[in-house]
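>>> Next input, structure requested:
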Amino acid sequence: MSEPNRLPADVDLEKASAARCYDYYLGGSHNFEVDRELAHKVEAKVPHMKQLAQDNRAFLRRAVRYCLDRGIRQFLDIGSGIPTVGNVHEIVQEVAPDARVLYVDNEPVAVAHSRTILEGNEQAGVIQADLQDIDGILGSEEAGRLLDPEEPIAVMMIALLHFVPDSAQPREVIREYHERMAPGSFLGLSHVTPDDHPEYTRSLVELYAESSNPGTVRSHAEVEKLLGDFELVEPGLVYVPEWRPDTEEDRWQDPASSLVYGAVGYKV
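Numbers count the residues shown, from 1 in each chain. Below is the predicted model of the structure:
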């Protein structure tokens, strides 16, 4: 992806992208020098940043498996990022080959790479769109092909909303998604917080301010408010290592050092 003539036309090579930085933290190769420069600055301030990204990814896997165990067979992953091992469709289709997954991201490299790896997979698709474009997402041709609005769905917004400022009214956006989801649906969410380690999150906000995706960190109460229309499943809104860990080792000695809250909400 380093050759300009192979890139999607709308890629911004002047500013770092959160999705491409996340790809770097996870050990991926779909990132550019501008992304790696920012990532290295982040790692200088938050030395365990790669572990944070991996732990957030592990939370996604556990949340998806939870929804699968409750019979969900269609998934909408918004802010899905650049695909790496352990994507939603891989987790889902290993359990239920007939389950469907629609990925959504506004990062053109993420979308282009997703299209490549999903080629030939009739049960999954991807579109380029913003979280706020609810009509565009749910009214898209791919949504019409893959998603049944009358059936419960799992919507994933993992490591997404801390890139949505208050001015974009994320609470109202989530409320509209809630209204369009069938009863029995789920929302999986993770979000960076300054609650226990503000020295780390202050650095993250400062460094990402010049990227394509400035950050907005939120307290436990503020993140809980975003989820206000959903009934939280146990253990509620907690640091991601504490959300239904597979083993006690997954819980971390200091869960707060993960810097990320996670929860799964249920629509009654």
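>>> okay, CA-based contacts and neighbour counts for the rest of this
OK.
>>> What's the local residue count around D105?
D105 is flanked by 23 other residues according to other CA atoms under 10 Å.
>>> which residues pair with it across the strands?
Q128 (DSSP bridges).
>>> And it, how close does it get to Y24?
17 Å (CA to CA, to the nearest Å).
>>> Could you report the separation of N31 from C21?
7 Å.
>>> which residues are in contact with the helix or strand harbouring L76?
Element membership for L76, per DSSP states H and E: strand 74-78. Contacts to strand 74-78, defined as CA atoms under 8 Å, 6 or more residues apart in numbering, come from residues 88, 99-105, 131, 146-147, 152-158, 160.
>>> Please state the offset of that strand from the chain centre?
10 Å (CA atoms, centre = their mean, to the nearest Å).
>>> With stretch 156-173 instead?
For stretch 156-173, the distance to the chain centre is 11 Å (CA atoms, centre = their mean).
>>> CA atoms of that stretch as PDB?
In PDB, the C-alpha atoms belonging to stretch 156-173 read as follows (Å, rounded to 0.1, in the frame of the first residue of the first chain):
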ATOM      1  CA  MET A 156     -20.300  -2.900  17.300                       C
ATOM      2  CA  MET A 157     -18.700   0.600  18.000                       C
ATOM      3  CA  ILE A 158     -15.300  -0.500  19.200                       C
ATOM      4  CA  ALA A 159     -12.700   2.200  19.900                       C
ATOM      5  CA  LEU A 160     -14.900   4.600  17.800                       C
ATOM      6  CA  LEU A 161     -16.700   7.100  19.900                       C
ATOM      7  CA  HIS A 162     -13.600   8.700  21.400                       C
ATOM      8  CA  PHE A 163     -13.100  10.100  17.900                       C
ATOM      9  CA  VAL A 164     -16.600  11.600  17.900                       C
ATOM     10  CA  PRO A 165     -16.700  15.100  19.500                       C
ATOM     11  CA  ASP A 166     -19.600  16.300  21.600                       C
ATOM     12  CA  SER A 167     -20.500  18.700  18.800                       C
ATOM     13  CA  ALA A 168     -21.500  15.700  16.700                       C
ATOM     14  CA  GLN A 169     -24.000  14.700  19.400                       C
ATOM     15  CA  PRO A 170     -23.000  11.000  19.800                       C
ATOM     16  CA  ARG A 171     -25.700  10.400  22.400                       C
ATOM     17  CA  GLU A 172     -28.400  11.300  19.900                       C
ATOM     18  CA  VAL A 173     -26.700   9.300  17.100                       C
END
